[in-house]
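[1] Generate coordinates for the sequence data below:
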Amino acid sequence: MEKVRKSIRRKGHATTIGEVAALAKVSPMTVSRVINGNANVRDATRERVLRAVDKLGYTPNLAASTLAAAQSTRVALIYTNPSGAYLSDLLVGVLHGAARAAVQLVIDSWDELDAEGERRSARALARSVAGVILPPPLGESKAVVSELVRAGIPVVAIAAERFREDISCVHIDDFRAAREMTEYLISLGHTRIGYIKGHPNQVASQRRFEGYQAALAAAGIAPDHALVQQGYYTYRSALEPAEKLLTRRNPPTAIFASNDDMAAAAVSVAHRRGLDVPGDLSVVGFDDTSAATRVWPELTTVRQPLEAMADAALDHLLRSIRNKEREHVLIDQVVQHVLVKRDSVAAPRRGS
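    Residues are numbered from 1 along each chain as shown. Now for the predicted structure:
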């Protein structure tokens, strides 16, 4: 480690890939794979290498040879997502990647646009940028994506399953993640598990609900439609659903909300009703955004590595832009999720 520090201080010394590898405690081949966007690298290893790259100021030969082109490259991130915590984590990843790649980043909200407005905006956007990153739900908008692809603009969708072959996607396995979370609750003894669904305009919402249902079925727990309520991924949208669940004659012993904002709302409703979390009610969320640690108790949740996903999406987008004269580099990358256990979950009380 000391040798790396000395080499950085030598005037005019260019950091080598070997020094990056030494700092990250990986092989030079692994550093090369990360820099070139190879998907066959563990997320934790990728993050360690990128931190070493940033710390040492390493500039790969490929990046150096295309730096002038990269500086004039404009890419856009367009969003309509209602969760502020989700967007915050996503933007950190994109901004980190944009700074590292020396590209111009355009960020815009289309919250107020109807379907026709989105189509017109997509056509206009295609004339001013070289590539576009689309978080949900825009990443699943056939109209928006069609306009961009028709104009020859590379598109990468984040946190959305691939629905056409001419765009790239970076996402987790939402079905598997929700199934694992439900299985965890069942393993503690919960059999009445309330569920607050996500916005129906996103495929991930349905996949998470299907994962919840699959875990119940595998455990032999009959579905109870009264334990399922509709939310829309905002804090306020989950207040009434949580109230309905907790005012039932036989209320659930656990609530699984399909994002952290809605789980935080469920905790708030429980506290207002004098319930102890997790003593009287376990609550879990999804995404592991900052909302998960802003409530008491902190939420057990599924970590969707949004920053790393956004950074990877930008890397894929830039490769497609630079290969535009040839065949686009299209990928469908599934990133590993993590079940994060915190203090909002406990076994149900006896007799519950």
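[2] Would you map the strands across the stretch 151-300 of the chain?
    For the stretch 151-300 of the chain, applying DSSP state E, counting those that start in this stretch gives strands covering 155-158, 168-171, 193-197, 228-230, 254-257, 282-284.
[3] Single out the most deeply packed of the ones you listed.
    Sort those by mean neighbour count, taking mean count of other CB atoms under 10 Å, and strand 254-257 sits at the top with a mean of 31. Yep, even glycine has a C-beta here, placed from its N, CA and C like the rest.
[4] Turn the strands of the stretch 151-300 of the chain into TSV, columns for mean pLDDT and distance to M181.
    Compiled in TSV, those are given as follows (pLDDT from 0 to 100; distance: least, CB to CB, whole Å):
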stretch	mean pLDDT	distance to M181
strand 155-158	92	21
strand 168-171	92	17
strand 193-197	98	10
strand 228-230	98	15
strand 254-257	98	6
strand 282-284	98	6
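[5] can I get the ones you listed in a markdown table with distance to V340?
    Shown next, in a markdown table, are these (distance: least, CB to CB, whole Å):
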| stretch | distance to V340 |
| --- | --- |
| strand 155-158 | 20 |
| strand 168-171 | 18 |
| strand 193-197 | 18 |
| strand 228-230 | 24 |
| strand 254-257 | 14 |
| strand 282-284 | 10 |
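[6] isn't Q202 right next to P137, touching?
    Yes. Counting by CB atoms under 8 Å, P137 is a contact partner of Q202 at 4.9 Å.
[7] which residues do the two both contact?
    A160 (CB atoms under 8 Å, 6 or more residues apart in numbering).
[8] quick one, what contacts the residue nearest in space to the middle of the chain?
    Centroid-nearest residue in the chain: L306, 3.5 Å away (criterion: CA atoms, centre = their mean). Residues counted as contacts of L306 (CB under 8 Å, 6+ apart) are 86, 89-90, 93, 158-159, 287, 289.
[9] at 6 Å what do you get?
    89-90 (CB atoms under 6 Å, 6 or more residues apart in numbering).
[10] again with the one 5 residues further on
    With contact taken as CB under 6 Å, 6+ apart, D311 is in contact with 93, 96-97.
[11] If we use 8 Å, what do you get?
    50, 93-94, 96-97.
[12] now Q206
    So Q206 contacts P200 (CB under 8 Å, 6+ apart).
[13] got it, and the one 4 residues further on?
    If a contact means CB under 8 Å, 6+ apart, then E210 has 175, 178 as its contacts.
[14] Please tell me how far it sits from S268.
    27 Å (CB to CB, to the nearest Å).
[15] Which residues are in contact with A264?
    235, 285, 291-292, 294-295, 299.
[16] no wait, A143
    115, 118-119, 122 are the contacts of A143 under CB under 8 Å, 6+ apart.
[17] Now with 6 Å, please.
    So A143 contacts R119 (CB under 6 Å, 6+ apart).
[18] name the element it belongs to?
    Element membership for A143, per DSSP states H and E: helix 142-150.
[19] So what's the gap between that helix and the chain middle?
    Helix 142-150 sits 22 Å away from the centroid of its parent chain (CA atoms, centre = their mean, to the nearest Å).
[20] what's the pLDDT at the residue nearest to the centre of the chain?
    In this model, L306 is scored at 85, pLDDT.
[21] Could you measure from it over to E112?
    Counting by CB to CB, the gap from L306 to E112 is 24 Å.
[22] Same check on S146?
    From S146 to E112 the distance is 21 Å (CB to CB).
[23] Please apply the same query to A130.
    26 Å.
[24] The two: which is more packed in?
    A130 (22 against 7; other CB atoms under 10 Å).
[25] So the more buried one sits against R322, correct?
    No. Counting by CB atoms under 6 Å, A130 stays clear of R322, with 9.4 Å between them.
[26] Mutual contacts of these two, please.
    Counting by CB under 6 Å, 6+ apart, nothing touches both A130 and R322.
[27] how near is the residue lying closest to G211 once chain neighbours are set aside to E243?
    Distance criterion CB to CB, 6 or more residues apart in numbering; nearest residue to G211, sequence neighbours excluded, is A178 at 3.0 Å. A178 sits 23 Å away from E243, taking CB to CB as the criterion.
[28] before we move on, what about Y212?
    For Y212, the distance to E243 - CB to CB - is 20 Å.
[29] of these two, who's got more company?
    Legend: neighbour count by other CB under 10 Å for Y212 and E243, higher for Y212 (24 against 16).
[30] Tell me how many other residues crowd D108.
    For D108, using other CB under 10 Å, the count is 11.
[31] Quick one: distance of the helix or strand containing it to the chain centre.
    Assigned by DSSP H and E, D108 belongs to strand 104-109. From the chain centre to the centre of strand 104-109 is a distance of 18 Å (CA atoms, centre = their mean).
[32] Then stretch 93-101?
    16 Å.
[33] Would you mark the buried spots in that stretch?
    Residues 93-98, 100-101 are the ones in stretch 93-101 that count as buried (16 or more other CB atoms under 10 Å).
[34] wait, which of these is closest to T191?
    G93 (38.0 Å; CB to CB).
[35] check contacts around that closest one.
    G93 makes contact with 307, 310-311, according to CB under 6 Å, 6+ apart.
[36] The same query, at a cut-off of 7 Å, please.
    Shown in contact with G93 (CB atoms under 7 Å, 6 or more residues apart in numbering): 306-311.
[37] in the chain, which spans are helices?
    2-9, 17-24, 28-35, 43-56, 61-65, 67-71, 84-101, 115-126, 142-150, 174-187, 203-218, 239-246, 260-272, 306-322 (DSSP state H).
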